[in-house]
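Asker: Only the shape, not the letters, is given here:
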DNA sequence: CTGAAAGCGCTTACAG
DNA sequence: CTGAAAGCGCTTACAG
């Protein structure tokens, strides 16, 4: 910019004015525009933003960006971020609290204006200084532990309850529940929904019908096997997330008998399997959009009370959930 | 930092030294560390990087980050980027050249050290100034038009040729080819592979067996229908990407006769359909990793000639490609 | 209408 | 071993 000013024989501030579309005398402007073109100058936004005191950037911390739910969420966050003139930075934590902390630190050391986080388990009190310093922070999919912050969730409890109730209505009386470890908020909430549906249906809760572990192909398969072999055998299952649903499908693939299934979270081709898979669908794009919009509202001054927003899920019957006992 | 220095009663440079792990007298260090803690100071990396003349950041421009191939690629790029101490910025172009240009401009205005781009069609000569200015640039999945630059591709030609040859070996003599518009490099290359396989098999090329359009459910369905009804009818198909493969599966869903199918690009549950879908698999994670590694090699001074790297594809037989005519 | 000075928050290059 | 000055590339706040 200094070079451009020298070349055009003007002050550096006039170049800045032209670059920012402020008024300068037309003749002066012409000279400056020419100098810019000759030197191939382009303004260094990082420097401009440093002086202005913002970075016009948002950090998105996911558990795994390659997971379909999260990549769809990312696209929505990206769209809102770009529409607001900001840049999006992304990083995956791999469900590792130390790694999450590390990437969050990297983002806040760069002074991102805001953070959107799918929190790994464990306390998020380490974020308090950043939040106090004015970094807008929104949690998605799971609430943060130990701090009060804006949070966007789906209605895990209602969704699971309705899905299990759907199986009860079809006449099932022994319903297996396969999900991730209850340390994960969503898994715990879905378990609550499962229990609530059983209670409303007048059925006792039987721990032998519950398997909650970090997803592993073989363990899921043997849990299913065990539940199908006990007496009375499970005649239906509720799976707690897509990865587990797919493990479930692989596990029962070669059986003659088809237990009924309702799965939490929709997935590509769920309708193309035979039978089609009945799911409790959650809207990842809405979640991302709502989170990013709330973030930018905070950045433009909304200092209202912390929000916790629940997005509705919807039950989509496709066949697997309508198989009778 | 100035506040910390004042509080500790030292020069600002000593604070900088402590923050950067350089040597200062232990007593001095203790005082500074205490001041940092009391004031809750954290170094502003953006400011530090401005002075240092880099941004330790990479911009990744995709067509759509929610598409499985690209989100897997993103995760790999992210891993390499973070391992090199840089931050990853992402943006989707939606296959729109104007939008691509806009996000690339936004990234280079912030002086990213490098760019990884899945290029939308149209000339990329607009990047020449940035490349000349030292922005390391790697194209993935498709080559850039009009400029010489590092590029990572899969072997679209060989992969398609081998996939079609696989159908020929099963005895098919009329093979439909459904893909995206030939303006897209990968689609054009896969068409070349299709033609090559036919030629090697001694079969004439019949344009009536080719449908190349931006993916649209109904058009794909009617193209398939037309090819199945002509005489001699198509007995097998080669689909040019996952979106089209899924449209294909929906289109033939309710037919009694099952044409054979080999699909370019693998997808979740391809093995769980009946029959399983035979695919030409490409390795998105390797593509992302190789691209990012090449980028960082360039950033650390590798000024060797421009590279064009082809990654091998692999044919995975699962049933649909082995159906006889 | 335009520009010189100061400053954003750091680091570089020195001097002591 | 430590710090004052200059500078990264801009914008802010003024003065003229």
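Answerer: Right, received. Where do you want to start? Being a predicted model, the structure only gives us computed values, none of them experimental. Numbering: from 1, shown residues only, chains lettered A, B, ... in the order given.
Asker: all strands of the stretch 1-150 of chain A, in order?
Answerer: Using DSSP state E, counting those that start in this stretch, the strands of the stretch 1-150 of chain A run over residues A:57-62, A:87-92, A:114-117, A:136-140, A:150-154.
Asker: So is the fourth one next to chain B?
Answerer: Which is strand A:136-140. No. On the criterion C-beta under 8 Å from any C-beta of the partner chain, strand A:136-140 is out of touch with chain B, staying 15.5 Å away. Where you see a C-beta, it was placed from the backbone N, CA and C, and this is true even at glycine.
Asker: Let's have the strands of the stretch 1-150 of chain A in CSV, adding distance to DNA strand C and mean pLDDT.
Answerer: What follows is the strands of the stretch 1-150 of chain A, written out as CSV (distance: least, C-beta to the nearest atom of the strand, whole Å; pLDDT from 0 to 100):
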stretch, distance to DNA strand C, mean pLDDT
strand A:57-62, 15, 98
strand A:87-92, 19, 98
strand A:114-117, 18, 97
strand A:136-140, 18, 97
strand A:150-154, 25, 98
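Asker: Turn these into TSV, columns for mean neighbour count and distance to residue B:311.
Answerer: Output for these, formatted as TSV (neighbours: other C-beta atoms under 10 Å in any protein chain shown; distance: least, C-beta to C-beta, whole Å):
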stretch	mean neighbour count	distance to residue B:311
strand A:57-62	27	26
strand A:87-92	25	23
strand A:114-117	26	33
strand A:136-140	25	34
strand A:150-154	23	37
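Asker: Show me the one of the ones you listed that comes nearest residue B:300.
Answerer: Closest to residue B:300 of the strands of the stretch 1-150 of chain A, according to C-beta to C-beta: strand A:87-92, at 21.8 Å.
Asker: and the closest residue to DNA strand C within the stretch 151-300 of chain A, what does it touch?
Answerer: Nearest to DNA strand C, among the residues of the stretch 151-300 of chain A, is residue A:299, at 17.6 Å (C-beta to the nearest atom of the strand). Residue A:299 sits next to A:113-114, A:136 when contact means C-beta atoms under 8 Å, 6 or more residues apart in numbering or on different chains.
Asker: And residue A:166, by the same measure?
Answerer: Counting by C-beta under 8 Å, 6+ apart, residue A:166 touches A:262, A:278, A:315, A:317, A:321.
Asker: Most neighbours among these, which one is it?
Answerer: In terms of neighbours by other C-beta atoms under 10 Å in any protein chain shown, the contacts of residue A:166 top out with residue A:262 at 31 neighbours.
Asker: Quick check: that residue is in a strand.
Answerer: Yes. Checked against DSSP: H, G, I helix; E, B strand; the rest coil, residue A:262 lies within a strand.
Asker: Would you mind naming the residues that bridge with it?
Answerer: Using DSSP bridges, the bridge partners assigned to residue A:262 are residue A:238, residue A:278.
Asker: still on that earlier bit, wait, which of the strands of the stretch 1-150 of chain A is closest to residue B:295?
Answerer: Smallest distance to residue B:295 across these (C-beta to C-beta): 16.7 Å, for strand A:87-92.
Asker: Find the nearest non-adjacent residue to the residue in the stretch 201-325 of chain A that chain B sits nearest to, please.
Answerer: Nearest residue of the stretch 201-325 of chain A to chain B, counting by C-beta to the nearest C-beta: residue A:269, 4.9 Å away. Counting by C-beta to C-beta, 6 or more residues apart in numbering or on different chains, residue A:269 lies nearest to residue B:269, which is 4.9 Å off, once chain neighbours are set aside.
Asker: Checking that neighbour next. Helix, strand or coil?
Answerer: Residue B:269 carries the three-state label coil when classified by three-state DSSP.
Asker: Look up how far residue A:83 lies from it.
Answerer: 34 Å (C-beta to C-beta, to the nearest Å).
Asker: Of the two, which one has the most company?
Answerer: Using other C-beta under 10 Å as the criterion, residue B:269 and residue A:83 rank with residue B:269 on top: 17 against 11.
Asker: before we move on, the earlier item: distance of the residue of the stretch 151-300 of chain A closest to DNA strand C relative to residue A:116?
Answerer: Per C-beta to C-beta, residue A:299 is found 12 Å from residue A:116.
Asker: For residue A:300, give me the pLDDT.
Answerer: On pLDDT, residue A:300 comes in at 93.
Asker: give me phi/psi at it?
Answerer: phi -90, psi 20 (degrees, to the nearest 10).
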